[in-house]
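1. Sequence and computational prediction follow.
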Amino acid sequence: MDPKTSNTVSIILGVVGIVFGILGGILFGFIPALLGLGMGVAGAVIGINTKKATNQQVGNVGFILGIIAIIFGAIFFVGCLACGACSASYGCWGTVGSSCKASNDINSALSDLNSLFK
């Protein structure tokens, strides 16, 4: 693959990895966060290989975006797994439709506080 194409691929993988890492982790649980983590790794590796092949700063943007995607993907992946590990019969699939245990617990606590002060 020529350096221009691999640079474009690393940038696209980095951006899509960030989107999957953040939005996927918040809205849909650990599976999209894991995909964002994988795309971030692929984007960073392709960015490094592009930089090595050209001896220039051509792959820096893809590498940096890949690292950001790795960070966000890892944070939300571990966070969703930790949320699911709170209960043996529960697996965190995200907060869509209030299915996240942490979201339900917070809403229950707020409801209890509201009824306490009425």
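-> That came through fine. Only a predicted model underlies this, so the values are computations on that prediction, with no experimental measurement involved. Numbering: from 1, shown residues only.

2. tell me the contacts of the residue positioned nearest the centre of the chain?
-> By Cα atoms, centre = their mean, the mean C-alpha position of the chain lies nearest to G21, the distance being 1.7 Å. G21 is in contact with 32-33, 36-37, 40, 69, 71-73, 75-76, counting by Cβ atoms under 8 Å, 6 or more residues apart in numbering. All C-beta atoms are positioned from the backbone trio N, CA, C, and that covers glycine.

3. Please, a ChimeraX command that selects the buried ones among the residues you listed?
-> The buried residues among the contacts of G21 can be selected in ChimeraX (16 or more other Cβ atoms under 10 Å) with this line:
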select :32,33,36,37,40,69,72,73,76
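
4. Let me know the closest of the contacts of G21 to I11.
-> A69 (11.1 Å; Cβ to Cβ).

5. what's the helix or strand for that closest one?
-> helix 60-85 (DSSP states H and E).

6. Number of residues surrounding the nearest residue to G14 once chain neighbours are set aside?
-> The spatial neighbour of G14 that comes closest, neighbours along the chain excluded (Cβ to Cβ, 6 or more residues apart in numbering), is L65 at 2.5 Å. If you count neighbours by other Cβ atoms under 10 Å, L65 ends up with 24.

7. Next one: L65 relative to G79, how far apart?
-> Distance, L65 to G79, using Cβ to Cβ, to the nearest Å: 21 Å.

8. got it, and I67?
-> In terms of Cβ to Cβ, I67 sits 19 Å off from G79.

9. For A109, pull up the helix or strand it's in.
-> Short version, using DSSP H and E: A109 is in helix 101-116.

10. Would you mind identifying the next helix or strand past the least confident helix or strand in the chain by mean pLDDT?
-> Lowest on mean pLDDT, DSSP states H and E among the helices and strands of the chain sits helix 25-27, with a mean of 70. Downstream of helix 25-27, the first helix or strand assigned by DSSP H and E is helix 30-54.
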